[in-house]
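Enquirer: I'll drop the sequence and a predicted model, then ask my questions.
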Amino acid sequence: MATYIYETIPEQPGESPRRFEVVQSMKDSPLTRDPQTGARVRRVISGGYGLMGVGAEKSAVSSAPAAPCAPGCACHAGPRIPAP
């Protein structure tokens, strides 16, 4: 089951959307109405946690080699400079 973020679609100028979370199966259709108020809603696209391994098991993502960085990138290539 996944947790999805939804927000109401403002119908009046100056009205703020209300955000809420819903636990749904990935097979379920997205909500179209707020379960509490009946207002129209849209699903908010957000970043996720990705795949997370448990114990000794490894996911395909965690065992794959890192993609090469752009020239001059210091994210994981070359020596690190210690912080003062």
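Expert: Ah, there it is. Numbers count the residues shown, from 1 in each chain.
Enquirer: Please make it C-alpha for all contacts and neighbour counts, starting now.
Expert: Will do.
Enquirer: Tell me where the chain has strands.
Expert: 2-8, 19-24, 41-44 (DSSP state E).
Enquirer: Now do the helices in this protein.
Expert: In the chain, the helices defined using DSSP state H lie at 60-63.
Enquirer: Residue 24: how many residues sit nearby?
Expert: As a burial measure, residue 24 scores 14 neighbours (other Cα atoms under 10 Å).
Enquirer: Also residue 16?
Expert: The number of residues packed near residue 16 is 12, by other Cα under 10 Å.
Enquirer: Apart from its chain neighbours, what residue comes closest to it?
Expert: residue 10 (6.2 Å; Cα to Cα, 6 or more residues apart in numbering).
Enquirer: Could you report the separation of that neighbour from residue 42?
Expert: 11 Å (Cα to Cα, to the nearest Å).
Enquirer: So what's the residue count around residue 43?
Expert: Residue 43 has 17 neighbouring residues, counting by other Cα under 10 Å.
Enquirer: so it bridges to which residues?
Expert: residue 6 (DSSP bridges).
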